[in-house]
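Participant: The sequence isn't on hand, but the structure is:
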């Protein structure tokens, strides 16, 4: 399939919070297969796995992987939401909180036992899925994310922003 170079590209960011970053690995592998095609229609504006110098302001779409486990992560998520038109939750932790949020279900005695670690590493008492803190416009569930679902959402975003 031949795709002409888009005059306006979809400006995206890829961000990862508390999780195993398996969706970032899947995204990286997908770049191996799609980079030539995507580079014609996507501007990778804030993708730390690709660029050393990134810009947060003015994103069309932020793809956010992981749950929020600290106030610092919450602050960063709020900043991302402020700087993007659409936010997509990537992977199970972003969509449901788990498995990163499994400690939210610990019995009281185990909560007491890990209390010192939570303070030492500046963690909040309860881990949050993204939509508990910000508006989420689309979700790509799975641990790791489903590739077909990601492609469907990506194509939807390209269409919404008039890039294809």
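Facilitator: Structure's in. What do you need? None of the values given here were measured: they were computed from a predicted structure.

Participant: Need the single longest helix in the protein, by residues.
Facilitator: With DSSP state H setting the assignment, residue counts place helix 22-38 as the longest helix in the chain.

Participant: Quick one: low-confidence residue ranges for the protein.
Facilitator: Under the criterion pLDDT under 70, the flagged ranges of the chain are 1-7, 164.

Participant: Pick out the residue closest to the middle of it.
Facilitator: The centroid of the chain falls nearest to residue 64 when counting by CA atoms, centre = their mean (1.2 Å).

Participant: quick one on the thing from earlier: mind checking how far the longest helix of the chain is from the chain centre?
Facilitator: Helix 22-38 sits 14 Å away from the centroid of its parent chain (CA atoms, centre = their mean, to the nearest Å).

Participant: Contacts for stretch 65-80 next, please.
Facilitator: Stretch 65-80 is contacted from outside by 13-19, 21, 23-24, 56, 59, 62, 64, 87, 90-91, 93-94, 97-98, 100-101, 121-124, 127-130, 132-134, 145, using CB atoms under 8 Å, 6 or more residues apart in numbering. Every C-beta, even on glycine, is put in place using the N, C-alpha and C of the backbone.

Participant: residue ranges for the strands of this protein, please.
Facilitator: 10-16, 42-47, 59-65, 68-70, 84-90, 123-128, 138-140 (DSSP state E).

Participant: need the contact list for residue 27.
Facilitator: Residue 27 neighbours (CB under 8 Å, 6+ apart): 14, 49, 63, 90, 145, 150.

Participant: neighbours around the first one, how many?
Facilitator: It refers to residue 14. 23 (other CB atoms under 10 Å).

Participant: and what of the second one?
Facilitator: Residues within reach of residue 49, counting by other CB under 10 Å, total 13.

Participant: With the third one instead?
Facilitator: The criterion is other CB under 10 Å. On that basis, residue 63 has 31 neighbouring residues.

Participant: In this structure it contacts residue 17, no?
Facilitator: No: assessed by CB atoms under 8 Å, residue 63 is found out of contact with residue 17, at 11.9 Å.

Participant: Now restrict the contacts of stretch 65-80 to buried residues only.
Facilitator: 13-19, 21, 23-24, 56, 59, 62, 64, 87, 90-91, 93-94, 97-98, 100-101, 123, 127-130, 134, 145 (16 or more other CB atoms under 10 Å).
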